[in-house]
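Visitor: Provided below are the primary sequence and the corresponding predicted coordinates.
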Amino acid sequence: MLLRHTSAEDTRWFECEVDGCEDRAKLQGMLRTHTLFKHTSAEDIRWFECEADGCENWYRAKLSGALKTHLLFKHTADEDIRWFECSADGCDYRAKLRGMLTLHKASMHSTGLQTGNGNLPSSAVERFEGKGCAFKSKKNGDLTRHKATKHAEDSDVA
């Protein structure tokens with residue numbers, strides 16, 4: 001099933017059956033997640049609980065994938081992790097999750113960022129080059145945060 005290139009009229013929607021809820025999803029699993037997060041009380045949820053030794057924070061999740069991510073980030077030694085490494089020349093970035101590497105590549109190395117609507121042109125890369133700074137990002141929020149945290153006292157930096 002094509003999720004991005006199918007018009008709303010041609011899509012077989014899975015509709016929420018809860019009275020008064022007009023939510024719908026293209027995949028049945030997405031509707032199950034919606035129902036779990038929006039319409040299921042805490043007492044009725046099958047929680048996925050962390051049972052790792054030394055877990056200082058009692059952790060539970062509604063989705064098994066969230067527990068797997070918790071275990072990876074909080075209880076897995078670096079030498080036991082299957083790292084996803086950036087293949088760009090001179091870049092030593094590595095990530096614990098493939099999605100994090102994909103975001104890194106899109107924001108730091110690509111000429112166009114993949115979106116549901118196609119590629120953003122390379123001109124969408126925002127650059128901040130003031131006082132020896134070569135920060136760049138494809139996200140406006142990252143640029144704003146960078147300016148605020150790294151250059152707050154520099155009033156002449158545009």
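Guide: Thanks, I have the structure now. Numbers count the residues shown, from 1 in each chain.

Visitor: would you list every one of the strands in this structure?
Guide: 14-15, 24-25, 48-49, 60-61, 84-85, 94-95, 114-115, 118-119, 126-128, 135-137 (DSSP state E).

Visitor: Where among those is average confidence lowest?
Guide: Lowest mean pLDDT within these: strand 118-119, a mean of 40.

Visitor: Does Q28 touch F14 like I think?
Guide: Yes - counting by CB atoms under 8 Å, Q28 touches F14, with 5.0 Å between them. Glycine gets a C-beta too; all of them are placed from N, C-alpha and C.

Visitor: So between the two, which is more surrounded?
Guide: When Q28 and F14 are compared for neighbours, F14 comes out ahead with 17 against 10, by other CB atoms under 10 Å.

Visitor: tell me the contacts of the closest residue to the more buried one other than its chain neighbours?
Guide: For F14, ignoring the flanking residues on the chain, the nearest one in space by CB to CB, 6 or more residues apart in numbering is L31 at 4.3 Å. Shown in contact with L31 (CB atoms under 8 Å, 6 or more residues apart in numbering): 14-16, 23-25.

Visitor: Against F37, how distant is L31?
Guide: Per CB to CB, to the nearest Å, L31 is found 11 Å from F37.

Visitor: per-domain residue ranges of the protein.
Guide: 8-44, 48-80, 125-158 (automatic domain parsing).

Visitor: Give me the contact list for stretch 91-99.
Guide: 69, 72-73, 81, 83-86, 101, 104, 108-109.

Visitor: What about H70, how many residues nearby?
Guide: Number of residues near H70 (other CB under 10 Å) recorded here: 19.

Visitor: Would you agree it is in contact with C50?
Guide: Yes - between H70 and C50 a contact is recorded at 6.0 Å, counting by CB under 8 Å.
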